[in-house]
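Engineer: fold the following and give me the result.
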Amino acid sequence: MIEDFSKEAVLKKLGARIKEIRIKKGYTSYEYFAYEHNISRAQFGRYERGEDLRFSTLAKIIAAFEMTFEEFFSEGF
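Structural biologist: Below you'll find the model as predicted:
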């Protein structure tokens, strides 16, 4: 099976991974997580849906999860 590495597919996987970790961290609401970590709630919702995401923003989200890049990308990628 050939994996889809298109921009859209990768963003969808990133969004799913962000949502999965947020829920594992005990945040049932993406809005509460975003508010608590000083991230735009509307923008964070778009990230979880797999819309465009800057690398610096991804780094900020990973830091808010108190994870390393290795931990973030170890599952689901």
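Engineer: for the rest of this, base every contact and every neighbour count on C-alpha atoms.
Structural biologist: Will do.
Engineer: who's in contact with the spatially most central residue of the chain?
Structural biologist: Most central in the chain under C-alpha atoms, centre = their mean is Ile18, positioned 2.7 Å from the mean C-alpha point. Neighbouring residues of Ile18 by C-alpha atoms under 8 Å, 6 or more residues apart in numbering: Tyr47, Glu48.
Engineer: so which bits of the helix or strand encompassing it are buried?
Structural biologist: Element membership of Ile18, judged by DSSP states H and E, is helix 7-24. For helix 7-24, a neighbour-count test (16 or more other C-alpha atoms under 10 Å) marks Leu11, Lys12, Lys13, Leu14, Gly15, Ala16, Arg17, Ile18, Lys19, Arg22 as buried.
Engineer: same check, this time on stretch 52-63
Structural biologist: Under 16+ other C-alpha under 10 Å, the buried positions of stretch 52-63 are Asp52, Leu53, Ile61, Ile62.
Engineer: nearest to Ile39, of those residues?
Structural biologist: Within the buried residues of stretch 52-63, proximity to Ile39 (C-alpha to C-alpha) peaks at Ile61, which comes in at 8.4 Å.
Engineer: helix or strand right after whichever strand or helix holds that closest one?
Structural biologist: Assigned by DSSP H and E, Ile61 belongs to helix 55-64. Following helix 55-64 in sequence order, the next helix or strand is helix 69-74 (DSSP H and E).
Engineer: what's that next one in contact with?
Structural biologist: Contacting residues not belonging to helix 69-74 are listed as Arg17, Ala59, Ile62 [C-alpha under 8 Å, 6+ apart].
Engineer: out of the residues you listed, the closest to Arg46 would be?
Structural biologist: For the contacts of helix 69-74, the nearest to Arg46 is Arg17 (13.3 Å; C-alpha to C-alpha).
Engineer: so how far is Phe65 from the closest one?
Structural biologist: Applying C-alpha to C-alpha, to the nearest Å, one obtains 12 Å for the distance of Arg17 from Phe65.
Engineer: go on, Phe55?
Structural biologist: Separation of Phe55 from Phe65 (C-alpha to C-alpha) stands at 15 Å.
Engineer: no further queries at this time; thank you.
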